[in-house]
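Visitor: Sequence and computational prediction follow.
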Amino acid sequence: MTNDLILVLNCGSSSLKGALIDNKTGGLILSCLAEKLTTPEAYITFKYFDNADIRPVSRRSWFVDRKDGDKHEVSLSDRHDHTGAVEALLEELRAHDLQDMVRAIGHRVVHGGEKYSGSVVIDDKVMAVLEECIPLAPLHNPANLTGIRAAQSIFPGLINVGVFDTAFHQTMPEHAYTYAVPQELYQKYGFRRYGFHGTSFRYVAPVAAEIIGKDINDCSLVIAHLGNGASVCAVKNGESQDTSMGVTPLEGLVMGTRSGDLDPSTCSFLADNAGMDVKAVTDMLNKKSGLLGISGLSNDCRTIQEAAAEGHAGAKLALEVMTYRLAKYIAAMAVATNGIDALVFTGGIGENSDVVRSKTVNYLGFLGLTIDEEANKATRFGASGIISQKGREPAVVVVPTNEERMIAMDTGRLAGL
Ligand code: ADP
């Protein structure tokens, strides 16, 4: 008997991330990353992981020719679009006799608007809705659609499933998602708060509940997903009650290059005083702000931490502004959950930065949150566990996220595997 494999695709405007996941075990077999798509320098990198329980259709090459962590790169200069990248991926699968084991494809889709509160099998109707959602995510949804079309043409006959970043937050109550603007803007253009990182929050929440020995259906969590993009989510009894991102992923926390919350008069202030138009301001707030903007050094938290430790004034300030904003938001989310059983850290920064965790929790003693510095330092690089002081509640927990696995689980379920 062979394994059922799920291909997970996550397309950006010039990139494609892929993961091949075993449906039964959730194990990662192969990951790939295509970069610089749409330029002649495009290439794709494949990386293999140790999964000795995978049984290919024929035993030609799979077990003998690769080791855990093996990596290789293929140029896409002669086919530098998303379809070319998916084609190269199919060739890679063929070279290892894995192509016939792929049973379904799961796509990360950024914006599902108000239409989807869960994952769906993609058909023409769904594609039309995703087109309709383009104004809500003009940078992301077109790339996601391109990826879906590429998968449909290169893997004809396979079920494609859409898993939305926004879906988990569709349980937010009206008072949490409504902007205080004329409601005609909501009715006509869907201008409301949606939230993102939903797939990560949905994966992390039950794992965290299990770690603290609570039933996810009777549990209040505040989860901080801290990567290049970052948001916090209030999860009560397994459902999102509020989150820090809004109609776009710019609202909320201080991120790598994004500003997060600002005075809504920012645009007019900068137009009047700096001669910037809407496009220039939007670009600056998305790409040149956050840790990068404050530090003048880097968007990368590790670099910022190292520079701050060496006394770099900009990096020190960036770290302070970021962790203070984060702490404020966590406290605000505790309003949405009406008290918390656990604060959960995830994402590249949340999983690895003992510094950010420690600084943030130190602001939140008034909520009863504590940190055990030894556990905090020990729980990094893929480890999960409790980092608050023994016997103290609420707990502070670290849970490595796995969005690909969540997408694969939904895809397997909807494909009837
Ligand atoms: P993305 O949102 O692109 O998926 P990740 O979740 O991988 O991003 O997070 C990337 C961030 O995690 C970067 O800012 C990086 O510096 C940070 N990070 C990774 N490892 C560490 C570490 N050991 N200490 C501090 N920050 C880290």
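Guide: Cool, the structure landed. Residues are numbered from 1 along each chain as shown.
Visitor: residue in the stretch 101-250 of the chain nearest to the ligand?
Guide: Closest approach between the stretch 101-250 of the chain and the ligand, counting by Cβ to the nearest ligand atom: Gly227, at 2.5 Å. To be clear about C-beta, it is placed using only N, CA and C from the backbone, and glycine gets the same treatment.
Visitor: correct me, but that residue touches Glu351?
Guide: No - at 9.1 Å, Gly227 does not count as touching Glu351 under the criterion of Cβ atoms under 8 Å.
Visitor: isn't there a strand covering Arg103?
Guide: Yes - using DSSP: H, G, I helix; E, B strand; the rest coil, the assignment for Arg103 is a strand.
Visitor: In this structure it contacts Ile6, no?
Guide: Yes - judged on Cβ under 8 Å, Arg103 makes contact with Ile6 at a distance of 6.7 Å.
Visitor: More neighbours: these two, which one.
Guide: Ile6 (29 against 19; other Cβ atoms under 10 Å).
Visitor: Surely that one touches Thr411?
Guide: Yes - using Cβ under 8 Å, Ile6 makes contact with Thr411 at a distance of 5.0 Å.
Visitor: what sits in contact with each of these two?
Guide: 104-106 (Cβ atoms under 8 Å, 6 or more residues apart in numbering).
Visitor: helix, strand or coil for whichever residue of the stretch 251-400 of the chain sits closest to the ligand?
Guide: The ligand sits closest to Gly348 of the stretch 251-400 of the chain, with a gap of 2.0 Å, by Cβ to the nearest ligand atom. Applying three-state DSSP to Gly348 yields a three-state assignment of helix.
Visitor: Determine the number of other residues adjacent to the closest residue to it other than its chain neighbours.
Guide: Leaving out its chain neighbours, the residue that sits closest to Gly348 by Cβ to Cβ, 6 or more residues apart in numbering is Gly227, at 4.7 Å. Neighbour count of Gly227, defined by other Cβ under 10 Å: 18.
Visitor: Check Gly347 too.
Guide: With other Cβ under 10 Å as criterion, Gly347 counts 24.
Visitor: surely it meets His225?
Guide: Yes - in terms of Cβ under 8 Å, Gly347 counts as a neighbour of His225; the distance is 4.5 Å.
Visitor: which residues does Thr346 bridge with?
Guide: Counting by DSSP bridges, Thr346 forms beta bridges with His225.
Visitor: related to what we said a few turns ago, contacting residues for the residue of the stretch 101-250 of the chain closest to the ligand?
Guide: Contacts for Gly227 (Cβ under 8 Å, 6+ apart) come out as 256, 347-350.
Visitor: For the residues you listed, pick the one with the most neighbours.
Guide: Ile349 (27 neighbours).
Visitor: So that residue is in contact with Cys301, correct?
Guide: Yes - assessed by Cβ under 8 Å, Ile349 is found in contact with Cys301 at 4.8 Å.
Visitor: who touches both of the two?
Guide: Joint contacts of Ile349 and Cys301 (Cβ under 8 Å, 6+ apart) are 226, 356.
Visitor: about what we covered before: and the residue nearest to Gly348, backbone torsions?
Guide: The phi and psi values for Gly227, taken as degrees, to the nearest 10, are phi -120, psi -150.
Visitor: For it, give its distance to Asp300.
Guide: With the distance defined as Cβ to Cβ, to the nearest Å, Gly227 ends up 11 Å from Asp300.
Visitor: hey, what's in contact with both of these two?
Guide: Residues within reach of Gly227 and of Asp300 at once, by Cβ under 8 Å, 6+ apart, are Gly256.
Visitor: quick one on the thing from earlier: give the intersection of the neighbour lists for Arg103 and Ile6.
Guide: With Cβ under 8 Å, 6+ apart as the test, Arg103 and Ile6 both reach 23, 412, 415, 417.
Visitor: Let me know the closest of those residues to Ala378.
Guide: Asn23 (33.0 Å; Cβ to Cβ).
Visitor: Now for the closest one: which residues touch it?
Guide: Contacts of Asn23 (Cβ under 8 Å, 6+ apart): 3-6, 103, 408, 412, 417.
Visitor: swap in Lys316?
Guide: Counting by Cβ under 8 Å, 6+ apart, Lys316 has contacts Ala308.
Visitor: Let me know the secondary structure of it.
Guide: helix.
Visitor: Repeat that for Ile21.
Guide: strand.
Visitor: same deal with Arg357?
Guide: Relying on three-state DSSP, one would call Arg357 helix.
Visitor: how deep is it tucked in, by neighbour count?
Guide: 28.
Visitor: Please apply the same query to the one 5 residues further on.
Guide: Each residue near Asn362 was counted by other Cβ under 10 Å, and the total is 13.
Visitor: Just give me the neighbour total for the nearest residue to it once chain neighbours are set aside.
Guide: Counting by Cβ to Cβ, 6+ apart, Asn362 lies nearest to Ile371, which is 7.1 Å off, once chain neighbours are set aside. Close neighbours of Ile371, defined as other Cβ under 10 Å, add up to 21.
Visitor: Generate a PyMOL selection restricted to the buried subset of the contacts of Asn23.
Guide: To isolate the buried subset of the contacts of Asn23 in PyMOL, counting by 16 or more other Cβ atoms under 10 Å, use the following:
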select buried, resi 3+4+5+6+103+408+412
